[in-house]
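S.K.: Attaching a predicted model along with its sequence, questions to come.
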Amino acid sequence: MVVEKKKKRGKSEAADPQPRGGGSRDHLLCDTMWRRRVGALLLRPRSPLPPPSSTLRRHLPDHQGSDGGNSRKPFIAFVLGGPGSGKGTQCARIASDYGFAHLSAGDLLRNEISSGTEKGELILDIIKQGKIVPSEITVELIRKAMESTDAKRVLIDGFPRCEENRIAFERITGTEPDLVVFFDCPEDEMVKRLLGRNQGRVDDNIETIKKRLKVFESLNIPVIDYYSSRGKVHKINATGTEQEIFGAVRKLFSSLRF
Ligand SMILES: Nc1ncnc2c1ncn2[C@@H]1O[C@H](COP(=O)(O)OP(=O)(O)O)[C@@H](O)[C@H]1O
Ligand SMILES: O=c1ccn([C@@H]2O[C@H](COP(=O)(O)OP(=O)(O)O)[C@@H](O)[C@H]2O)c(=O)[nH]1
Ligand SMILES: [Mg+2]
């Protein structure tokens, strides 16, 4: 099943700006429709997105360091994979064994929902529908979280979700990931795990799961294809036990020079 999908993931498709899959495209919208819908919210007077702040700049330039260690950027790993592929589970173990800060985009968004703001209501609405939150919101949350950690190694779990997310992140932070880890898992296994997750999440129901899987295939795979073409992707077979998968993860992370 996975192999068949991989065959379909040709380069030309990655370059195709149109979402794949045909049929109604509503569920595939990354950001455009929501931007329109919440234009007033997003365009409300506020300070424009700042250029990378001095704190973030300290981390963001070349992580090899160019001014005696003061300008070191953290080592950034994006952790991608379909819903239920085990991103969060494996990130927790990487964070604990390899000294990474674990920034989960989904958790940052859910924290914002808990704040009870208008923005939180918008995020909740989008998550319930399995769609993607506007990049301005997510990138800003990630940027702030990166600024507030002193960690020299950062895992960004579940982001970028689409090409537009990726471009916004690179533009706003002025940096790129050093590594992209892709947990490759068959859909039926992901569905089984999500239905058993039992965390009371509004999006872990079969109707929303189906939408999330379509969004992953149409919008997230192109991000993985993009970074593959830049030699940054390390694919890990995400079937088997947590321990077995972590064996493959450990092989990768133990071989890295941070
Ligand atoms: N290898 C695995 N085998 C079976 N269940 C797993 C495995 N890895 C994670 N899980 C469970 O599957 C669910 C989804 O895992 P999670 O790490 O939250 O995935 P993601 O962050 O990619 O959505 C959780 O309930 C988790 O405990
Ligand atoms: O960068 C992100 C990360 C998450 N989400 C939304 O938050 C939901 C849950 O994301 P999370 O990463 O927590 O889900 P997971 O893949 O881990 O099950 C997604 O379906 C999206 O609706 C988003 O819009 N942008
Ligand atoms: Mg997760």
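M.R.: Ah, there it is. Ligands and ions are numbered 1, 2, ... in the order given.
S.K.: Spatially nearest residue to the residue in the stretch 101-250 of the chain that ligand 2 sits nearest to, not counting backbone neighbours?
M.R.: Across the stretch 101-250 of the chain, the shortest distance to ligand 2 (CB to the nearest ligand atom) belongs to G106, at 1.9 Å. Bear in mind the C-beta positions are built from the backbone N, C-alpha and C, glycine included. The spatially closest residue to G106, leaving aside those adjacent along the chain, is G158, at 5.0 Å (CB to CB, 6 or more residues apart in numbering).
S.K.: follow-up on the earlier one: residue contacts, the residue of the stretch 101-250 of the chain closest to ligand 2?
M.R.: Contact criterion CB atoms under 8 Å, 6 or more residues apart in numbering gives G88, D157, G158 as the residues in contact with G106.
S.K.: Please produce TSV containing the residues you listed, extended by pLDDT, distance to ligand 2 and neighbour count.
M.R.: Rendered in TSV, the data for the contacts of G106 read as follows (pLDDT from 0 to 100; distance: CB to the nearest ligand atom, whole Å; neighbours: other CB atoms under 10 Å):
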residue	pLDDT	distance to ligand 2	neighbour count
G88	98	5	18
D157	99	7	24
G158	99	3	23
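S.K.: Near ligand 3, list only the ones from these.
M.R.: Filtering the contacts of G106 for proximity to ligand 3 (criterion: CB under 5 Å from the ion) leaves G88.
S.K.: Specify which member of the contacts of G106 is nearest to A238.
M.R.: Closest approach between those and A238, by CB to CB: G88, at 12.0 Å.
S.K.: so the closest one is in which element?
M.R.: In the assignment (DSSP states H and E), G88 maps to helix 87-98.
S.K.: Are there helices or strands packed against that helix, and which ones?
M.R.: Counting contacts by 3 or more CB pairs under 8 Å, 6 or more residues apart in numbering; DSSP states H and E, helix 87-98 packs against strand 75-81, strand 101-104, strand 153-157, helix 242-254.
S.K.: Which SSE is immediately downstream of the second one?
M.R.: Going back to what we said before, that points to strand 101-104. Counting by DSSP H and E, what follows strand 101-104 is helix 105-114.
S.K.: quick check, distance from that next one to the centre of its chain.
M.R.: 13 Å (CA atoms, centre = their mean, to the nearest Å).
S.K.: Let's see that helix as CSV, backbone CA atoms only.
M.R.: Listed in CSV are the C-alpha atoms of helix 105-114, where the atom choice follows Å, rounded to 0.1, in the frame of the first residue of the first chain:
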residue,chain,number,x,y,z
ALA,A,105,2.7,22.6,16.5
GLY,A,106,-0.6,20.8,17.4
ASP,A,107,0.0,21.3,21.1
LEU,A,108,0.9,25.0,20.6
LEU,A,109,-2.4,25.4,18.7
ARG,A,110,-4.4,23.5,21.3
ASN,A,111,-2.9,25.7,24.1
GLU,A,112,-4.1,28.7,22.1
ILE,A,113,-7.6,27.1,22.1
SER,A,114,-7.4,26.8,25.9
